[in-house]
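Visitor: Structure, please.
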Amino acid sequence: MEKLPKKSNRNYDLADRLLAFNTIIGSMCDLLKDSKESSNIKSQLMRSVSSAALNYGEVLVAESRADFIHKISICLKELMESKMAISIIEGRKLCQDDILVKKCLHESSQLVAIFISSVNTARKNAKLDL
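Guide: Below you'll find the predicted structure:
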């Protein structure tokens with residue numbers, strides 16, 4: 001039986017972190033005010049945060065460096081969209097739990113920073129391979 005290549009713990013930690021982010025976003029969305037505006041932003045936020053985690057699953061099995069860069073860039077775009085949605089929720093005061101909103105915004109900022117760094121490093125390494 002062929003063994004799967006080992007992935008670093010960092011990859012799995014990031015996957016777990018994205019899953020936890022999905023959970024906390026879901027909790028925040030459950031607390032949004034009942035309005036058309038909240039409904040729209042909630043739907044979009046849940047799609048973007050889920051997409052980031054699902055696309056990261058594809059990052060872990062990228063077929064080439066170019067494929068890796070493309071897929072991790074998609075994760076970054078989805079996380080940036082999520083961060084913007086959380087900022088809208090905060091600015092419009094659509095959630096009663098300000099502490100939870102701040103926590104979600106902080107984690108989204110952290111994840112965006114991690115993914116920006118990953119994309120930049122991957123692009124730099126791709127240039128070194130030329």
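
Visitor: From here on, just use CA atoms for contacts and neighbour counts.
Guide: OK.

Visitor: Okay, now the unreliable bits of this protein?
Guide: 1-12, 129-130 (pLDDT under 70).

Visitor: hmm, try it at 50
Guide: For the chain, the stretches flagged by pLDDT under 50 are 1-6.

Visitor: just checking, what packs against the longest helix along the chain?
Guide: Counting by DSSP state H, the longest helix found in the chain is helix 98-128. Counting by 3 or more CA pairs under 8 Å, 6 or more residues apart in numbering; DSSP states H and E, the packing neighbours recorded for helix 98-128 are helix 9-30, helix 65-91.

Visitor: What backbone torsions are found at Cys95?
Guide: phi -120, psi 140 (degrees, to the nearest 10).

Visitor: How about it: what's its closest non-neighbour residue?
Guide: Take Cys95 and drop its neighbours on the chain: the residue closest to it by CA to CA, 6 or more residues apart in numbering is Leu32, 4.5 Å away.

Visitor: In contact with that neighbour, which residues?
Guide: Ser38, Lys42, Leu94, Cys95, Gln96 (CA atoms under 8 Å, 6 or more residues apart in numbering).

Visitor: what's the answer for Cys104, then?
Guide: Each residue near Cys104 by CA under 8 Å, 6+ apart is listed here: Phe21, Ile24, Ile25, Ile86.

Visitor: can you do 7 Å?
Guide: By CA atoms under 7 Å, 6 or more residues apart in numbering, the residues touching Cys104 are Ile24, Ile25.

Visitor: Next: Ser39.
Guide: Counted by CA under 7 Å, 6+ apart, Ser39 has zero contacts.

Visitor: For it, give its distance to Glu81.
Guide: As judged by CA to CA, to the nearest Å, Ser39 and Glu81 stand 16 Å apart.

Visitor: what's the answer for Ser64, then?
Guide: Separation of Ser64 from Glu81 (CA to CA): 26 Å.
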